[in-house]
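# Coordinates for the following, if possible.
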Amino acid sequence: MSLLGLLAALDPAKVDVDLFLCSHSGPLMRFIPEYVNILPSVDGYSNILNPLKDAFKAGQLRVVAGRLIAKWKHRRYRKAHPAHKADQTIFQILWDCVMPSLPKINPEQEYDLCISYMNPHNIGVQKVNARKKLAWIHTDYSQIETIPERELPVWGAYDYIAAISPDVKNAFIHVFPTLTSKVIDIENIIPENYIIARSKDQSTAYLEMQEGSVKLLSIGRFCEAKNYDNVPYIAKRIVESGLTDLKWYIIGYGGDEELIRRKIAEAKMERHVILLGKKDNPYPYIKACDIYVQPSRYEGKSITVREAQILGKPVVVTNYPTAHSQINDKTDGIIVPLENEGCAAGITNFIKNTKLQRQIVQNIARQDFAGPSEVIKIYSILNNSQS
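The predicted structure is shown next:
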């Protein structure tokens with residue numbers, strides 16, 4: 001979504017933009033601005049993370065071989081480092097093993113600036129010709145396991161590294177102190193007009209979200225970072241406090257869905273915690289909720305929190321390490337404890353404090369959360385690359 005915001009904020013009178021996507025599918029494709037030239041798909045890139053059997057059926061045997069080698073190398077790494085979690089450490093090994101099998105992107109073209117917006121950042125380093133290169137950090141490096149010696153050559157090959165918040169920047173620099181001079185602050189650019197327009201679309205949101213109840217909403221992948229496995233127990237404490245009309249809706253999908261459903265059943269919260277699945281347009285649901293909640297264990301800087309604020313909703317975030325880069329507590333949202341009991345108490349008090357909710361809604365109405373002025377920093381880098 002923030003990539004759409006960046007593309008919408010750029011002035012086509014000032015820049016020509018080629019956009020390379022590993023995959024040309026997904027509900028947001030039709031919202032890419034018309035001035036953007038979407039480069040043709042390139043065989044192999046869409047199979048970097050697809051199931052191995054799909055890559056094999058597509059004839060991408062070199063990609064398959066690279067991924068199998070990556071699995072073998074990762075098993076060796078895990079054996080040598082048993083204390084490390086397996087969630088993130090495999091990815092840089094994977095990128096390193098697969099990249100040699102992939103062709104260059106638009107090799108005849110030399111760009112003034114290459115922006116690598118998402119991983120694998122190896123693509124921008126190895127597969128694009130450009131005078132200057134910029135990579136984006138969206139992750140809180142204090143909360144993930146990495147292999148710094150593998151990532152350092154990739155990050156170090158970029159001229160600029162954009163951090164979406166001061167906390168994200170500080171965490172990254174702690175892991176890669178030699179790259180301090182390259183890290184700059186560029187906030188996510190949110191497409192405000194797009195969000196507001198889509199929130200008005202005809203939708204089943206108001207049918208799926210029960211009227212006459214206190215409606216909480218969370219949006220995100222079903223994964224450890226989002227902490228949805230603890231939502232049933234948090235909701236249980238809220239209901240037991242007397243808010244028996246609570247409905248906590250969650251939009252998303254991912255590998256932890258079975259775990260979350262099991263936790264809902266264990267807490268007997270089937271009537272109160274409702275998984276809505278994946279929604280191509282989540283904005284009518286944000287518009288229909290009473291309070292937006294980000295219950296994460298960690299975040300870089302949550303775009304959905306900003307989207308909820310743009311739509312005038314009071315927001316609650318847990319006290320993850322970068323929370324204070326996201327929220328001014330009791331001004332444009334509230335921050336509650338991460339542990340279940342404190343989180344439940346904080347949300348319960350906020351639900352009951354309608355005066356504070358109204359004050360926060362008034363405060364966010366006076367703020368600009370879209371961040372279009374951040375695009376000036378992109379123009380400055382472009383001018384430097386041309387001089």
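# What segments of the stretch 51-200 of the chain are helices?
Here the stretch 51-200 of the chain has its helices, by DSSP state H, counting those that start in this stretch, at 52-57, 61-80, 89-98, 122-126, 148-156, 166-175, 192-199.
# how about these in JSON lines, adding mean neighbour count and mean pLDDT?
For every residue, glycine as well, the C-beta is placed using N, CA and C. Output for these, formatted as JSON lines (neighbours: other CB atoms under 10 Å; pLDDT from 0 to 100):
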{"stretch": "helix 52-57", "mean neighbour count": "14", "mean pLDDT": "87"}
{"stretch": "helix 61-80", "mean neighbour count": "15", "mean pLDDT": "89"}
{"stretch": "helix 89-98", "mean neighbour count": "21", "mean pLDDT": "88"}
{"stretch": "helix 122-126", "mean neighbour count": "20", "mean pLDDT": "95"}
{"stretch": "helix 148-156", "mean neighbour count": "15", "mean pLDDT": "93"}
{"stretch": "helix 166-175", "mean neighbour count": "18", "mean pLDDT": "92"}
{"stretch": "helix 192-199", "mean neighbour count": "17", "mean pLDDT": "87"}
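# quick one: low-confidence parts of the stretch 1-150 of the chain?
For the stretch 1-150 of the chain, applying pLDDT under 70 flags the ranges 84-87.
# Okay, strands next: where are they in it?
Per DSSP state E, counting those that start in this stretch, the stretch 1-150 of the chain carries strands over the ranges 18-19, 37-38, 111-116, 130-137.
# next one: the stretch 201-350 of the chain
Counting by DSSP E, counting those that start in this stretch, the strands of the stretch 201-350 of the chain are 214-219, 246-251, 273-277, 291-294, 315-318, 334-336.
# before we move on, back to that, with respect to residue 2, which of the strands of the stretch 1-150 of the chain lies nearest?
strand 130-137 (8.7 Å; CB to CB).
# Kindly format the C-alpha coordinates of that closest one as CSV.
What follows is strand 130-137, C-alpha atoms only, in CSV (Å, rounded to 0.1, in the frame of the first residue of the first chain):
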residue,chain,number,x,y,z
ALA,A,130,21.5,2.6,-12.0
ARG,A,131,23.6,5.5,-11.0
LYS,A,132,22.2,5.6,-7.5
LYS,A,133,20.4,2.9,-5.5
LEU,A,134,18.0,3.2,-2.5
ALA,A,135,16.6,0.4,-0.4
TRP,A,136,13.8,0.6,2.1
ILE,A,137,13.7,-0.9,5.6
